[in-house]
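Visitor: would you be able to build a 3D model of this:
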Amino acid sequence: MEIKVIEEKNNPLLKRREVKFVVSHDGPTPSRKSIIDKIAATMNSKVGLVMVDSLKSEFGKRETIGYAKIYENEERAKEVERAHVIERNVPAPAAQAEESG
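Guide: Predicted structure coming up:
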């Protein structure tokens, strides 16, 4: 899996960076978690601050186009983002406790 940033925009009002990217992959479409991990590593951020808003794949193509927002801190992300986007991008602490317990 390879991620190529198409466009990066700084949004000082919302204290975040907005990124459009293309993910090239050989097998099936990569999971949201693996894309978040890769973007966080590529863009020098933490996993909890990256919110992938959308991922779109076309039939037969080995690439996915996506849009992500990288926040400066967790508090700002929780203030700005919609609840279902946060739920999708950040693993719930209760689910992690059940798995390890």
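Visitor: residue 40: which element?
Guide: helix 32-42 (DSSP states H and E).
Visitor: other SSEs contacting that helix?
Guide: strand 2-11, strand 16-24, strand 50-57, strand 63-71, helix 83-89 (3 or more Cβ pairs under 8 Å, 6 or more residues apart in numbering; DSSP states H and E). The way it works is simple: take the backbone N, C-alpha and C, and place the C-beta from them, glycine included.
Visitor: how far does the shortest one sit from its chain's centre?
Guide: Distance, stretch centre to chain centre, for helix 83-89: 10 Å (Cα atoms, centre = their mean, to the nearest Å).
Visitor: report the rounded mean pLDDT for it.
Guide: Mean pLDDT, helix 83-89: 88.
Visitor: buried ones in it?
Guide: 85, 86, 89 (16 or more other Cβ atoms under 10 Å).
Visitor: which strands and helices sit next to that helix?
Guide: Packed next to helix 83-89, using 3+ Cβ pairs under 8 Å, 6+ apart, are helix 32-42, strand 50-57.
Visitor: what about 6 Å?
Guide: Here helix 83-89 touches strand 50-57, going by 3 or more Cβ pairs under 6 Å, 6 or more residues apart in numbering; DSSP states H and E.
Visitor: which neighbours in the sheet does the strand it packs on have, and how are they oriented?
Guide: Next to strand 50-57 in the sheet, as set by DSSP bridges, lie strand 63-71 (antiparallel).
Visitor: who's the closest residue to residue 42 other than its chain neighbours bridged to?
Guide: Nearest residue to residue 42, sequence neighbours excluded (Cβ to Cβ, 6 or more residues apart in numbering): residue 3, at 5.9 Å. Bridge pairing for residue 3 (DSSP bridges) gives the partners residue 23.
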